[in-house]
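# Just to be clear, the model below is a prediction. Sequence and coordinates:
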Amino acid sequence: MKDEQHPQDPWRSTSYLYLVRGRLKSGTTEGRLADFKNWYHQVHIPALLGLPEFLVSRKATMDNDPSEFLTIYSLTTTDVFSSAAYQRVRGWANFVEDIEYAQGLVFSGPGQIIMDIRGT
């Protein structure tokens, strides 16, 4: 995982936190859910962490609903959201039709939301 490669704790020195929360539609088959999780964890998150502005990530597991997901990223700048590199890796690939909702929130400082990104 990328954060294990940093000698200092990037969570303490981060400028921004980017929280992505979402859920797959009810009725999503277990096989499709497994495919999504594999893509999300093995392809999508590593692609975002490949951008220099994304420092680290943490994933949460929702025990009461396996179709929900929550990932928190540490960012150096919000300028990344308008970059061509981010535009190439954002979104849900072949899972667009499976997403019930998705929302990204960017925080700067304790509890201060500075960006609300729908359909992240």
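On my side now, so go ahead.
# and stretch 24-33, which residues are buried?
Across stretch 24-33, burial judged by 16 or more other Cβ atoms under 10 Å covers 24, 28. Using the backbone N, CA and C atoms, a C-beta is placed for each residue, glycine as well.
# shouldn't residue 14 be in contact with residue 77?
No - counting by Cβ atoms under 8 Å, residue 14 stays clear of residue 77, with 10.6 Å between them.
# Need the residues touching each of those two.
With Cβ atoms under 8 Å, 6 or more residues apart in numbering applied, the contact sets of residue 14 and residue 77 do not overlap.
# Show me which of the two is the more surrounded one.
Shown here are residue 14 and residue 77; by other Cβ atoms under 10 Å, residue 14 has more neighbours (17 against 11).
# Check which element follows the helix or strand of the chain with the lowest mean pLDDT along the chain.
Every helix and strand in the chain was compared by mean pLDDT, DSSP states H and E; the lowest is helix 10-13, with a mean of 69. Remark: after helix 10-13, the chain's next helix or strand is strand 16-24, criterion DSSP states H and E.
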